[in-house]
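> what's the 3D shape of this:
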Amino acid sequence: MKNLQKRALAIHEKLIEAFGEPVWRIPLPAIDELISTILSQNTNDINRDRGFNALRAKFRAWEFVRDASPEEVIDAIRPAGLANQKGPRIQQVLRAITEERGSLNLDFLAGLSVEEARSWLTKFNGVGPKTAAIVLCFSLNMPAFPVDTHIYRVSGRIGLRPEKMTVEQAHPHLESVFPPEAYYAAHLNIIRLGREFCGARKPNCLQCPIQDLCDYWVRLKK
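Below you'll find the model as predicted:
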């Protein structure tokens, strides 16, 4: 494990050299990030933002989204795709949070441990490990490492996780591999690596900034 941790840190530092310190966007309140991340499921960032912005434009507060008719919510988030699934899911989550907390403010999660906060979020239908980790990492500045499709693919290819490890297992595994202070930057830079160099079909190994640290490149050269 120590060798893997050293290599993960080396990859992180190499990506900082190549891409710089990444900044995703101005942090959203935790409840906003939760809804945005639910909208992001099975779509791209552009469509996610279109759906999120349309929802915010139509409803003045999340309480109005919670109490609206399903058809109104579904119609507002159509640009995000899978609106018939995501609309009811969002409303169910908002109702469940209100029932438990009495409000839609999630700032209290910052006072819990990461595992307690993660467990609290993932008990809601439609909130998986990735969604919870994004809320914790980007809204609440808590040490959680979100694993999306890019990170899952790239981490397996370069050898940061076992190939047969599931996405769910990859979250705690990568949190044990990278130092907590690197989670934010490593998450964003590995996504960028996956988009610009380490694509699903044809990775551009010759131009990759971490080729000397990649298991796939080592095998390719043999």
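
> Next up, identify which helix or strand residue 51 is on.
According to DSSP states H and E, residue 51 maps onto helix 45-58.

> Tell me the buried residues in stretch 116-133?
117-118, 120-122, 124, 126-133 (16 or more other Cβ atoms under 10 Å). C-betas here are computed from N, CA, C, even on glycine.

> That stretch: end-to-end distance?
This stretch, stretch 116-133, spans 12 Å end to end (Cα to Cα, to the nearest Å).

> Please name the residues that touch the closest residue to residue 188 other than its chain neighbours.
Residue nearest to residue 188 in three dimensions, not counting chain neighbours: residue 22, with 3.9 Å by Cβ to Cβ, 6 or more residues apart in numbering. Applying Cβ atoms under 8 Å, 6 or more residues apart in numbering to residue 22 gives the contacts 184, 185, 188, 189, 192.

> What about residue 212, how many residues nearby?
10 (other Cβ atoms under 10 Å).

> Need the phi and psi values for it.
The phi and psi values for residue 212, taken as degrees, to the nearest 10, are phi -70, psi -10.

> Tell me, what's the model's pLDDT at it?
Per-residue confidence for residue 212 comes out at a pLDDT of 93.

> does residue 185 belong to a helix or a strand, and which?
Residue-wise, residue 185 maps onto helix 183-196 under DSSP H and E.

> Report the mean confidence score over that helix.
96.

> Residues contacting the next helix or strand after it, please?
Using DSSP H and E, the helix or strand that directly follows helix 183-196 along the chain is helix 215-221. Helix 215-221 is contacted from outside by 157, 158, 159, 203, 205, 208, 211, using Cβ under 8 Å, 6+ apart.
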